[in-house]
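> coordinates only, sequence not included:
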């Protein structure tokens with residue numbers, strides 16, 4: 001209960017934490033099931049909170065998918081949650097915060113920007129489209 005009072009937790013995360021504390025499997029299963037039935041634990045809420053937090057930090061969809069997989073969340077629900085965000089706007093915001101609104105000055109600068117945005121989890125196609133748009137002078 002204390003963990004859930006601090007922030008949302010996924011079922012797999014709670015199970016892992018309780019296993020680390022040395023609880024037996026039957027007790028863990030019963031406790032987590034009870035929390036879910038009482039509405040105190042929800043993988044749906046956890047998914048939404050995780051995606052919203054990662055989006056706010058400027059992470060792209062690929063990086064968020066990876067974080068979701070690490071937390072044991074994947075599939076249609078994860079994709080649906082990701083589809084609720086405007087990734088082109090997020091990409092432009094992250095680029096603008098790091099590099100300003102100017103176009104890349106050289107091929108080396110272009111590559112550095114593309115590498116940075118890729119490491120943030122944005123898709124190469126979106127990155128290239130943004131950088132080409134900046135080169136043409138329109139954002």
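The structure has been received and is ready for your questions. Computed from a prediction, not measured in an experiment: that's the story for all the values here.
> if I read this right, residue 46 contacts residue 9, doesn't it?
Yes. Using Cβ atoms under 8 Å, residue 46 is in contact with residue 9, at 6.2 Å. Placement of C-beta: from N, CA and C, glycine included.
> Kindly state the pLDDT recorded for residue 122?
Looking at residue 122, its pLDDT reads 98.
> mind checking how far it is from residue 53?
17 Å (Cβ to Cβ, to the nearest Å).
> cool, and residue 96?
From residue 96 to residue 53 the distance is 21 Å (Cβ to Cβ).
> cool, and residue 14?
Going from residue 14 to residue 53 by Cβ to Cβ gives 18 Å.
> if you count what's nearby, which of those two comes out ahead?
residue 14 (19 against 14; other Cβ atoms under 10 Å).
> Can you tell me the element that one falls in?
According to DSSP states H and E, residue 14 maps onto helix 11-20.
> which element follows that helix toward the C-terminus?
helix 25-37.
> how about that following helix: buried residues?
For helix 25-37, the neighbour count (16 or more other Cβ atoms under 10 Å) marks 28, 31-32, 35 as buried.
> swap in stretch 40-56?
41-43, 46-47, 50-51, 54-55.
> Could you do stretch 51-70 as well?
For stretch 51-70, a neighbour-count test (16+ other Cβ under 10 Å) marks 51, 54-55, 58-65, 67-68 as buried.
> Cool, thanks, signing off.
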